[in-house]
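Asker: just the structure for this:
(2 chains)
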Amino acid sequence: MPTEAPPSRQKVSHVETVTIRFAGDSGDGMQLTGAEFMRGSALAGNDVATFPDFPAEIRAPAGTLAGVSGYQVNIGAHDVHTPGDQPDVLVAMNPAALKTNLADLRPGGMLIVNSGAFVDANLEKAGYQQNPLEDEALRGTYRVVSLDMNKLTEAALAGSGLSSKEVARCKNYFALGLLNWLYSRPQEPQLQAIQKKFAKKPELADANQKVFKAGHAYGETSELFFERYVVPASKYAPGLYRNVTGNHAAAMGFAAVAKLTGRQVFLGGYPITPSSEIMQELSHWKEHGVVTFQAEDEIAGIGSAIGAAYGGALAVTATSGPGMALKTEMLGLAVITELPLVIVNVQRGGPSTGMPTKTEQADLLMALFGRHGEAPLPVLAAQSPADCFWAAMEAMRVAVKWMTPVVLLTDGYLANGSEPFRIPEASELPHIEVRYATAPNQDGKYMPYLRDDKLVRPWAIPGTPGLEHRVGGLEKDSLSGMVSYDGMNHEKMVHTRAQKIRNVVEDVPDVQPAGADSGKLLLLSWGGTYGSVRTAAEALRAEGKAVAHVHLRWLNPLPKNLGAVLRRFEKVLVPEVNDGQLAFYIRGTYPGVDPVSYNRINGKPLKVSELVSKANELL
Amino acid sequence: MSTNPELPAYTKKDFESGVDPRWCPGCGDYSILNQVQRTLPATGVARENIVFVSGIGCSSRFPYYMRNYGMHTVHGRAPSFATGLKLSRPELMVWVVTGDGDALAIGGNHFIHAMRRNMDLKILLFNNRIYGLTKGQVSPTSELGKKTKTTPHGSPDYPFNPPALALGAGATFVARSIDVEGPHLGVVLKGAAEHKGSALVEVFQNCPVFNDGAYNFLTDKAVKAETQLRMEHGKPLLFGKDGRKGIRFDGRTASLQVVAVGEGGVTEADILVHDAHREDPTLAFMLANLDLTPGFPTPVGIFRDVRRPTADELTWKLIDEAKAKVSGKGPQDVRAFLSTGDTWKVE
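Answerer: Numbers count the residues shown, from 1 in each chain, chains lettered A, B, ... in the order given. Below is the predicted model of the structure:
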């Protein structure tokens, strides 16, 4: 919804896109400020993508480099696929935030600093010998807007009766008010949002509204800014929208499955960063047919889900790398018992505890091959925060249709990043058929491994008279399901299980390269890098370069036509946030195809500019 | 035990899968299987609503021999599958069959959590004090000094006492029996079947191949009257050939003592009357540890049997309340669900 900028002394410039990073101490409320700015931008009709970046420590010592928390918002007048490479605007609430974020700010970009926090103690904690705001070079490189938000906030709340600690905690709304003015946003929606957020604490609602207005007014009246900006509204498809993070979207996807099928969705899990929100969100939705269980460990999390699946539930477990490692033995059981189950792995930096709050794509080969024995299963990956909704539904649809565990890969960036999500019409939602066996299937007996023409076995659940049967981890006779140590039967079962998973390819759409159908260079990506790679490919094509892009939703089975498509290009560039796992997989799958890897493993989404230069090297 | 007129008149045979058990000749597991198959017909639960879940080990083959639904799962983890199944389908009767290595070594964590949640699971722990399926290594219930393949010079580890562990973890039903004491085992199994909540039944089970005679001190006719203390709710804790030995609680030392009725002024009124329904588990815990004192008898029977809301009942109470609040909304109303919270419209 386009908004009218109020009349103003300053010049108003239109910008197509802008990337803003809010950075401050963990206690400064930067996640909230960033999320609120994102919400306001979406309400104003901009396309948005965000990237929260915070430390693993909940509250590192105040003012230290370790305690800096950041939230990056990319807003645009056209399709925004990434949170932006480089901030155009950096809001730094203290010296530590300036120190850790300044290098990312685009030269010539705007630096808004809270000078009130640049006192000796904070400067020392950030390792500054002298106050960087007094450095001429800084002002030469960036447009520095320095203001004492501490004092301005205090002034706005003079006589409010709030404690000085409470007053200090309002200053993030000063920054938000200022930015709202700078990007020509109406005040009213934000004031309402504050009212709603602090409904139970009217004195804080009032205080934050005052501070927000003060920030807004300060932009208007002070001489600090020469211009303000308008990011025109993006051309959204008509519909009802909401903002979602990837974890929220995944949880909504699973709950939607429960509503669509009328069947119980059961999630068994264990808290682990960055996946916990999936379990948390689902725990709220008991009325929608969701049962959640927080287990004693990761193993029991998936164990409970497999138990529920045997009982007929649509079972899910959600975890991240270390938890995935713990679940692998259980995955083997789900493979051999051929029970439907979705395992969400929200990938994070590894190995071991690694970087829990940072993103990575380094569990791909683990998802594909990380089990003992021959234990293939379908693997798919979500490509954006909102896409986690669709990927969750698709994973469950395939799990139930094919009676198999399915691994859904997302990552820390998708999990915490957010974007607008168009709420689908009922007609756009998938059809998920859940069928239980109700009668004996051979000569009055129930044969649990009597398969249909797609090699799928029937699902008979406890409570069904006459179909009592046992499943388990010992190899089973290919028909009766009795324990079998016969080597030939085992070989047959190994081949049958593998063929069944290969058959899933009928549900995997062929890839269609964006851009040319053949030519010099193809960018091949999967998972959370979609936004960066798509943006890079578009930028290259805008420069007239013959670059196409294929993004993989399915990693196993791979699309039928993928090999042929890859061979139509002279070069294939595979950018990944790992050390080349998809490239390795592609090399092994399609002999003769030798992709070039572009790998960054720095805990952050890929930068578009780096991808563009890498591609240019190959052209 | 409840009877359900709508169910067929089950006999033991209705619970036999027809698969020949593959346990060693003379294994105590045969007797336990037999008693479980005898117990189930009278539970009033339909055969298709009973599920046996096991881990890995000799005992864990059990589900294959029952004509119910069953899962033979992962070493030590059976309680986790059973927990998910029971939470998802609270109307099912779920049994876990496990052994001392399965439940107390690799699966110790799942075991104690199943107990403390008061999940309505019936856990049968076949305790033969040895690893049988892997051919004779020390187990978490092997006694101190035990010589096994991995402790050739004697085990330096103190063993777990399963009933004491279960009581410590908050189990609401804790019992012990012996494979060769068929009728006694039957009574204990019936108690577990009727109990609602976490139930542990430890069964002393002889492994004739790797730990033969481990329980002879309790089962030999010559000594069993002196070494077994049979606990029955509401009855004095008496034992011995002539039933004149008993357990007395000594308040001064807060300990249990073995006394002889008729000696030193001891009368039957001095003997502790067993109360399995006491909320406070302290006395049950003392009984569970009774035979730590050399020469004291080993208790068998039901240590504790108390009723409190189970984890599955509490979970479904919340679910039912939540569902009642939104009655009137159809299950298909996905769009309404997705539209809750902050939304905006683009024309």
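Asker: run through who's touching stretch A:494-507.
Answerer: A:335-336, A:338, A:374-378, A:397-398, A:401-402, A:404, A:451, A:454-456, A:478, A:556-560 (C-beta atoms under 8 Å, 6 or more residues apart in numbering or on different chains). To be clear about C-beta, it is placed using only N, CA and C from the backbone, and glycine gets the same treatment.
Asker: which ChimeraX command selects the buried ones in those residues?
Answerer: Isolation of the buried members of the contacts of stretch A:494-507 (16 or more other C-beta atoms under 10 Å in any protein chain shown) is achieved in ChimeraX through the command below:
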select /A:335,336,338,375,376,377,378,397,398,401,402,404,451,455,456,478,556,557,558,559
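Asker: the contacts of stretch A:494-507 in strands, which ones?
Answerer: Members of these lying in strands (criterion: DSSP state E): A:N556.
Asker: where does chain A have low pLDDT?
Answerer: A:1-9 (pLDDT under 70).
Asker: just the element for the spatially most central residue of it, please.
Answerer: With distances taken as C-alpha atoms, centre = their mean, A:L414 lies nearest the centre of chain A, 0.9 Å away. Take DSSP states H and E as the rule and A:L414 turns out to sit in helix A:412-416.
Asker: please save the CA atoms from that helix in PDB.
Answerer: Taking Å, rounded to 0.1, in the frame of the first residue of the first chain, the C-alpha atoms of helix A:412-416 are listed here in PDB:
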ATOM      1  CA  GLY A 412      19.900 -21.100  10.000                       C
ATOM      2  CA  TYR A 413      19.400 -18.300   7.500                       C
ATOM      3  CA  LEU A 414      16.000 -19.500   6.400                       C
ATOM      4  CA  ALA A 415      15.000 -20.400   9.900                       C
ATOM      5  CA  ASN A 416      15.500 -16.900  11.300                       C
END
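Asker: and the contacts of that helix?
Answerer: A:51-52, A:245-247, A:274-275, A:277, A:320, A:346-349, A:357-360, A:382-385, A:387-388, A:527-528, A:604-605.
Asker: following element in sequence after that helix, please.
Answerer: With DSSP H and E, the next secondary element past helix A:412-416 is strand A:418-422.
Asker: tell me the domain ranges of the chain?
Answerer: If you meant another chain, say so; for now it's chain A. If you go by automatic domain parsing, the domain ranges for chain A are A:11-230, A:242-428, A:519-618.
Asker: right idea, wrong chain: chain B
Answerer: B:12-219, B:237-309.
Asker: among these, which comes closest to chain A?
Answerer: domain B:12-219 (2.8 Å; C-beta to the nearest C-beta).
Asker: for that closest one, give the mean pLDDT please.
Answerer: What domain B:12-219 shows for mean pLDDT is 97.
Asker: that one near chain A anywhere?
Answerer: Yes - using C-beta under 8 Å from any C-beta of the partner chain, domain B:12-219 reaches chain A at B:17, B:19, B:46-49, B:51, B:53, B:56, B:63-64, B:67-74, B:77, B:79-89, B:91-92, B:109-110, B:113.
Asker: from those residues, which land in helices?
Answerer: B:79-88, B:109-110, B:113 (DSSP state H).
Asker: what is the most widely separated pair among the residues you listed?
Answerer: Farthest-apart pair in those is B:S88 and B:N109; separation 21.1 Å (C-beta to C-beta).
Asker: who has more neighbours, the two?
Answerer: Neighbour totals were compared for B:S88 and B:N109, and B:S88 leads with 27 against 17 (other C-beta atoms under 10 Å in any protein chain shown).
Asker: ok, back up a step: buried deepest among the domains of chain A, which one?
Answerer: When you average the neighbours per residue for each of those (mean count of other C-beta atoms under 10 Å in any protein chain shown), domain A:242-428 leads with a mean of 24.
Asker: that domain: end-to-end distance?
Answerer: 17 Å (C-alpha to C-alpha, to the nearest Å).
Asker: so what's the gap between stretch A:214-228 and the chain middle?
Answerer: With C-alpha atoms, centre = their mean, to the nearest Å as the basis, stretch A:214-228 stands 35 Å off its chain's centre.
Asker: any idea how far the residue of chain A positioned farthest from its centre is from chain B?
Answerer: Taking C-alpha atoms, centre = their mean, the residue of chain A most remote from its mean C-alpha position is A:D443, at 50.2 Å. Separation of A:D443 from chain B (C-beta to the nearest C-beta, to the nearest Å): 15 Å.
Asker: want to throw the ones in helices among the residues of domain B:12-219 next to chain A into TSV with distance to A:P232?
Answerer: What follows is those, written out as TSV (distance: C-beta to C-beta, whole Å):
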residue	distance to A:P232
B:P79	59
B:S80	54
B:F81	56
B:A82	59
B:T83	55
B:G84	51
B:L85	55
B:K86	57
B:L87	51
B:S88	51
B:N109	57
B:H110	58
B:H113	56
